[in-house]
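S.K.: here are the coordinates; sequence isn't available:
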Ligand code: FES
């Protein structure tokens, strides 16, 4: 049912953890299943993503997609990271079963939420970026999970 890449990223997720003093942090939640994902971005002065970490309280597909998403955004510019869709993440994982497609949205939205936080903190506008509807950063800020 799952591709080898999905199983690999689920069993050995890359970039799990937190970044202290991250340039941007975003937390998103899936209202249907209740799963939560937090993404941390370390962005240098040239707008290049130097590091990316995530924590998730979610299903295996959410773990695998966020792991792959962190790998994809590293080294990218903010604008390039914005263009990484859940479809691109799924393709990089050789696909997901249809019932799990919504899980991959959490990864894309978590990137957007972290970029949104970065833009707010640095008082910049990122062309094409909208605050994801699933952004629950404000509610979750004080909580640890
Ligand atoms: Fe909730 Fe996958 S079932 S993110």
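M.R.: Good, I have the coordinates. It should be emphasised that the depicted structure is a prediction, and the values quoted were computed from it without experimental measurement.

S.K.: what about stretch 96-114, near the ligand?
M.R.: Yes - interface with the ligand: stretch 96-114 contributes 103, 106 (Cβ under 6 Å from any ligand atom). From N, CA and C alone the C-beta is placed, and that goes for glycine too.

S.K.: Give the buried residues for that stretch.
M.R.: For stretch 96-114, a neighbour-count test (16 or more other Cβ atoms under 10 Å) marks 96, 100, 102-114 as buried.

S.K.: can you tell me which of the residues you listed lies nearest to residue 136?
M.R.: Nearest to residue 136 out of those is residue 113 (Cβ to Cβ; 8.4 Å).

S.K.: State the mean pLDDT of the host helix or strand of the closest one.
M.R.: Using DSSP states H and E, the element containing residue 113 is helix 101-121. Averaged across helix 101-121, pLDDT comes to 95.

S.K.: what element comes up after it heading to the C-terminus?
M.R.: As assigned by DSSP H and E, the chain's next helix or strand after helix 101-121 is helix 137-140.

S.K.: Give me the distance between that next one and the centre of its chain.
M.R.: Helix 137-140 has its C-alpha centroid displaced from the chain centroid by 15 Å (Cα atoms, centre = their mean, to the nearest Å).

S.K.: That concludes my questions; thank you for your assistance.
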